[in-house]
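Peer 1: Structure for the following, please:
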Amino acid sequence: MNDDPIPPPVDIDKLSGNMRVTADALESAEMLVEFAIPKFATLDPADIQMIDPERGTLSDTATADVLKCVEDELSDALWALRKAREKMASIANQTHRMYPKAKPHG
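Peer 2: Modelled structure (predicted):
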């Protein structure tokens, strides 16, 4: 006797919609990161106090290095988000053209 429940059928419309929502969410994240990058570039390290748990308060020079690192990492993240959004948009476009087959009657 098989006690495994029968998995519910996949709703292709819902699945396709979820792919579009994911692509749109990645686009929103991309825009937020794109907006943040130049903001970090304009920060003045003298106006920011950074506290490292191990080293204590960082100097302005060390803070500037951290800001540059954050800016570089955001640029890397932006590239990754763009690639992910492009892939998800492609997937969403493909799944948008999928429809359940009509079941024969009788």
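
Peer 1: Kindly list the single helix or strand of this structure that scores lowest on mean pLDDT.
Peer 2: Here the helix or strand of the chain ranked lowest by mean pLDDT, DSSP states H and E is strand 51-52, holding a mean of 88.

Peer 1: Check the offset of that strand from the chain's centre.
Peer 2: Counting by CA atoms, centre = their mean, to the nearest Å, strand 51-52 is centred 28 Å from the centre of its parent chain.

Peer 1: try stretch 23-31
Peer 2: Computed by CA atoms, centre = their mean, the chain-centroid distance of stretch 23-31 equals 6 Å.

Peer 1: Just the buried residues of that stretch, please?
Peer 2: Using 16 or more other CB atoms under 10 Å as the test for burial, stretch 23-31 gives 23, 26, 27, 30. Glycine gets a C-beta too; all of them are placed from N, C-alpha and C.

Peer 1: And for the last one, nearest residue in space, chain neighbours not counted?
Peer 2: Nearest-residue entry for residue 30: residue 81, 4.4 Å, with adjacent residues in sequence omitted and distances by CB to CB, 6 or more residues apart in numbering.

Peer 1: Format the buried residues of stretch 23-31 as CSV; extra columns: distance to residue 12, pLDDT and secondary structure.
Peer 2: CSV is the format used below for those (distance: CB to CB, whole Å; pLDDT from 0 to 100; DSSP: H, G, I helix; E, B strand; the rest coil):
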residue, distance to residue 12, pLDDT, secondary structure
23, 17, 94, helix
26, 21, 96, helix
27, 23, 96, helix
30, 27, 96, helix
